[in-house]
Each structure stands twice: as structure tokens, then as C-alpha cells.
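Peer 1: after the sequence you'll find the predicted model.
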Amino acid sequence: MSEAPALKRPVTLHLRGDWGQANMHRICGWLAQEMGDRAPEGSRFAIWNGRGGIDQIEALQVGEADIAIVTPTAAVRMLERAGKMEGLASLGVIGQRDRLVVAVDASLPVTTVADLASVADQLTVATSLDDGVNLIGLAAHKALRIAGVDPEKLSFFYHERPFPPLEQFIEGKANVLIHEAVMTPRWQQLDRVRPVKYLPWGDNVLQAFAAEGWQDAVVEAGYFPGLTEDLRTLDFSDFAILCRKDMEDDVAALATWCMVMTRRALEAQYAHLPADHSPVTYPLVPDDMVRSPLPLHPAAARAYEALGDRELSDGAPLWK
């Protein structure tokens with residue numbers, strides 16, 4: 001299966017990414033082009049804006065999307081255990097090393113997230129809304145409650161995407177930040193207005209999430225300004241590439257072939273960034289792609305097994 005399993009009939013595929021300018025859309029664009037190059041005339045590929053959360057799952061389940069991307073994979077695992085992934089399968093995982101981190105103004109008299117309850121009236125928390133779609137907001141509010149911090153007693157600045165909350169914290173308009181995208185440059189500027197410290201979620205939170213399939217992870221000392229020791233926090237890594245179980249075998253096999261054999265075309269878009277500060281982890285490793293939070297589509301599983309360690313497809317990446 002080193003040669004592309006080119007489609008023999010025209011197809012129309014709907015891929016669902018992010019708001020339009022971030023990594024999910026790049027992944028969708030890469031797959032759409034590579035699959036399109038190996039599909040006959042008359043094939044059409046559309047990329048729809050999405051939010052990367054529960055909306056993606058619902059779009060697949062009602063047939064509005066054929067391929068959708070969700071992050072983090074830990075949330076997919078948790079939702080699968082809760083019975084909310086019915087009818088869905090995976091084409092694999094694109095790596096992204098990310099964490100859900102709590103940063104606070106260093107002047108606050110707190111050392112853990114649980115301590116925030118004692119100063120709730122002094123806090124403005126910059127994060128995302130828990131609206132039934134956004135997985136950042138879901139995790140942040142769920143974790144606060146488990147830690148004994150009542151969100152109803154806090155003031156919030158909410159935004160769908162990570163960068164407005166980061167700006168609010170950097171500018172001193174919020175004194176607590178709970179967010180992801182930790183590899184981006186703005187996280188290196190959190191101490192622009194005042195000293196910053198980082199709070200562990202605590203064992204109660206991490207154990208409760210682990211019981212639902214959502215694991216913890218570490219941010220190493222020195223990764224952020226002012227982080228002097230390793231920080232255990234919630235994992236927020238990786239993009240799950242999802243489809244329905246009834247996706248045609250030849251389409252699932254082609255998508256998988258493209259993910260493995262043309263992966264340099266995606267990696268090249270991030271090669272100007274240090275690997276540990278890239279929003280897509282590179283190099284992409286097929287053995288990691290198959291570590292999916294959902295069972296692989298059977299045709300995708302066969303494709304990964306057949307491809308093995310084959311040489312990558314020829315062709316210079318656009319962004320090389």
C-alpha cells in the first residue's frame with residue numbers, strides 16, 4: 001500500500017476545522033488537497049468552520065461533516081466513556097503537546113487552585129465559557145468545582161479562543177488565567193505587568209479527571225517565565241481526526257494514507273518553530289497517530305498496518 005489508494009469515483013467530502021486561521025483548518029486544508037490530488041475529476045472538498053469541541057462530534061453524528069477534528073484527545077476519551085461518541089470512529093491523531101494551565105498574579109495569597117476559594121471576591125478569571133460546546137470551558141469549570149471553588153462566586157472574562165483571555169491577563173485586567181495553547185508566544189509574556197505563579201490543580205482534581213479517562217501531564221520547570229519547578233496539570237494534547245463508522249473504506253484508507261505518507265507537507269508549515277513550542281508536534285510519527293481515543297475505522301487500521309515504515313510520498317511541501 002505504498003502507492004496511494006486513488007479513488008475510482010468522484011466524492012464530496014465535508015471537513016470541519018476551527019474558526020478559520022488555526023491548526024485544525026491547516027490540517028483540514030492539508031488533507032483536502034492531498035486527498036483531492038488522488039480523487040477523480042468532479043470530486044469536491046469543503047472545509048467548514050467549527051469550534052473544535054462538542055460541535056464537531058454533533059456535526060459528524062447528524063451527517064453535516066465527514067471528517068472533523070477535536071482537541072484534546074483526553075476529552076474525546078472522556079466523552080466516549082460517557083456514551084456521547086455513538087457511531088463515530090477515528091482516522092488517527094495529529095500530535096500537539098498542550099496543557100490546561102492555571103496562572104495567577106503572584107501577589108494573591110494562594111498556592112493551589114483550592115486556595116482560590118478563600119479570595120473569590122478578589123478574582124477575575126480569564127478562560128472560556130462552559131456552554132456545552134467549548135472543551136476548555138468544560139474542563140476549567142469542572143475542575144474548579146472539584147477543587148472546591150464555586151464558579152458562581154467568581155467574576156469571569158470569557159472568550160471562545162485562547163488569545164483574548166491571555167491578553168486580559170497580560171494587561172492586568174484579569175488576575176487568574178485558565179487556558180491552553182501553552183506553546184504560543186503570549187504565554188512567554190505573562191509576567192509583562194507583574195510577577196506570575198502557576199497553580200497545581202491538586203490530586204482531587206487530577207484523580208477525578210483520570211477516573212473519567214482524562215489524564216494529567218507535566219509542564220517542565222523553565223517552560224514559562226517564573227515556573228521554577230515541574231507543574232502537574234491537566235493534559236490538553238493532540239488532535240483527534242474523527243469520522244463516522246460508516247465512512248466508505250476507500251475514503252478512510254485514502255485519508256489515512258495521506259496522513260502518513262504526505263505528513264511532511266504539514267510538518268513543513270511548523271518547521272520554523274522550535275519543536276517544543278510548535279502547535280503541531282513534529283516530526284509526526286505513525287506509531288503515535290494510531291494511539292487514538294476512539295477505535296480506528298477498520299480501513300484506517302488496515303492502512304496503518306500495511307504502510308509500516310514505507311518511504312514518504314515524493315513531492316516538495318509547499319511551505320518547505
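Peer 2: Yes, it's here. Numbering: from 1, shown residues only.
Peer 1: when you work out contacts or count neighbours from here on, use the C-alpha atoms and nothing else.
Peer 2: Noted.
Peer 1: and the helix or strand encompassing Leu13, which strands flank it?
Peer 2: Per DSSP states H and E, Leu13 falls inside strand 12-16. Strand pairing for strand 12-16, determined by DSSP bridges: strand 44-48 (parallel), strand 67-70 (parallel).
Peer 1: deepest in the core, which of those is it.
Peer 2: Mean neighbour count, computed with mean count of other CA atoms under 10 Å, is highest for strand 67-70 among the strands paired with strand 12-16, reaching a mean of 29.
Peer 1: low-confidence regions, the protein specifically.
Peer 2: Residues of the chain meeting the criterion pLDDT under 70: 1-2, 309-320.
Peer 1: run the last query once more with 50
Peer 2: 1 (pLDDT under 50).
Peer 1: how about the contacts made by Met259?
Peer 2: Leu31 (CA atoms under 8 Å, 6 or more residues apart in numbering).
Peer 1: the residue most central in space within the chain and Gly213, how far apart?
Peer 2: Closest to where the C-alpha atoms of the chain average out (CA atoms, centre = their mean) is Thr71, at 2.8 Å. Counting by CA to CA, to the nearest Å, the gap from Thr71 to Gly213 is 14 Å.
Peer 1: just to revisit the earlier point, how about the strands paired with strand 12-16 in JSON lines, adding distance to Ala275?
Peer 2: Listed next are those as JSON lines, based on distance: least, CA to CA, whole Å:
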{"stretch": "strand 44-48", "distance to Ala275": "27"}
{"stretch": "strand 67-70", "distance to Ala275": "21"}
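Peer 1: what's the closest of these to Leu154?
Peer 2: Among those, the nearest to Leu154 by CA to CA is strand 67-70 (28.5 Å).
Peer 1: buried set for the strand holding Leu13?
Peer 2: The neighbour-count check on strand 12-16 (16 or more other CA atoms under 10 Å) flags 13-16 as buried.
Peer 1: would you mind writing the CA trace of the next helix or strand after it as PDB?
Peer 2: Next in sequence after strand 12-16, counting helices and strands by DSSP H and E, comes helix 23-36. What follows is helix 23-36, C-alpha atoms only, in PDB (Å, rounded to 0.1, in the frame of the first residue of the first chain):
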ATOM      1  CA  ASN A  23      -4.300  24.500  13.300                       C
ATOM      2  CA  MET A  24      -7.400  22.400  12.700                       C
ATOM      3  CA  HIS A  25      -8.000  24.400   9.500                       C
ATOM      4  CA  ARG A  26      -4.400  23.800   8.400                       C
ATOM      5  CA  ILE A  27      -4.900  20.100   9.000                       C
ATOM      6  CA  CYS A  28      -8.100  20.100   7.000                       C
ATOM      7  CA  GLY A  29      -6.500  22.000   4.200                       C
ATOM      8  CA  TRP A  30      -3.600  19.600   4.000                       C
ATOM      9  CA  LEU A  31      -5.900  16.500   3.900                       C
ATOM     10  CA  ALA A  32      -8.300  18.100   1.400                       C
ATOM     11  CA  GLN A  33      -5.500  18.900  -1.000                       C
ATOM     12  CA  GLU A  34      -3.700  15.600  -0.700                       C
ATOM     13  CA  MET A  35      -6.900  13.600  -1.000                       C
ATOM     14  CA  GLY A  36      -8.100  15.800  -3.800                       C
END
